[in-house]
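In: Predicted model and sequence below, questions to follow.
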Amino acid sequence: MRKIFLLLSLVTGVALVSPAPVFAKDDDDKDAKKEKAVSTAGLGRAFTAEIAALAEAETMLKTISDARSAKTVKAKLMHKFSLLRPILNGTDAQLEELARAQNRVSAVMWDLKKEPYFEEVNLQELWTVMTHHFARRSANLLK
């Protein structure tokens, strides 16, 4: 009898704690879709610019062969990425694409980290600005 009581108590507790299903009306779905479309209208442009900048960064970083070329590439990329606005939201597919592009840049940076000029030129700062949006100068405009 005690086991049955414990089982019923457990089932009742789980039923009380679990969230109730929410059923939205068709009108609510249409409104939500419109709001989402409006809020993500400019999002495509920001993602396109970010992905293009990361692809360009990947190819430019591969051209680095010495401290002089590292300084030149760093200056160009710091300027480019400091102007890009931080990505605040996005779809799962967009965020996955962004992560893949950042990972490709990071793979090149890991190779450059072994070079003696990595610390001399402070390429770590560039790496941070490329992969961490809130380290950018444009992130200060959000405050």
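Out: Thanks, I have the structure now.
In: C-terminal to the helix or strand of the chain with the lowest mean pLDDT, what's the next element?
Out: Sorting the helices and strands of the chain by mean pLDDT, DSSP states H and E puts helix 26-39 at the bottom, at a mean of 51. Remark: after helix 26-39, the chain's next helix or strand is helix 43-61, criterion DSSP states H and E.
In: Looking at that following helix now, give me its mean pLDDT.
Out: Taken as a whole, helix 43-61 has a mean pLDDT of 90.
In: the longest helix in this structure is where?
Out: Ranked by residue count, the top helix of the chain under DSSP state H comes out as helix 92-113.
In: list the helices and strands that one packs on?
Out: In terms of contacts (3 or more Cβ pairs under 8 Å, 6 or more residues apart in numbering; DSSP states H and E), helix 92-113 is packed against helix 43-61, helix 123-131. Any C-beta I mention is one placed from the backbone N, CA and C, and that applies to glycine too.
In: Okay, buried residues for it please.
Out: For helix 92-113, burial by neighbour count (16 or more other Cβ atoms under 10 Å) applies to 94, 97-98, 101-102, 105, 108-109, 112.
In: Quick check: the farthest pair among those?
Out: Spatial extent of the buried residues of helix 92-113 (Cβ to Cβ) is set by the pair Gln94 and Leu112 at 27.3 Å.
In: Low-confidence ranges, this structure, go.
Out: Along the chain, the model assigns pLDDT under 70 to residues 1-43, 138-143.
In: before we move on, back to that, save the buried residues of helix 92-113 as a markdown table, and put in distance to Lys74 too.
Out: Formatted as a markdown table, the buried residues of helix 92-113 follow (distance: Cβ to Cβ, whole Å):
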| residue | distance to Lys74 |
| --- | --- |
| Gln94 | 27 |
| Glu97 | 25 |
| Leu98 | 22 |
| Ala101 | 19 |
| Gln102 | 17 |
| Val105 | 13 |
| Val108 | 13 |
| Met109 | 11 |
| Leu112 | 11 |
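In: Let me know the closest of the residues you listed to Ile87.
Out: Nearest to Ile87 among the buried residues of helix 92-113, counting by Cβ to Cβ, is Leu98 at 6.6 Å.
In: Alright, I will stop here.
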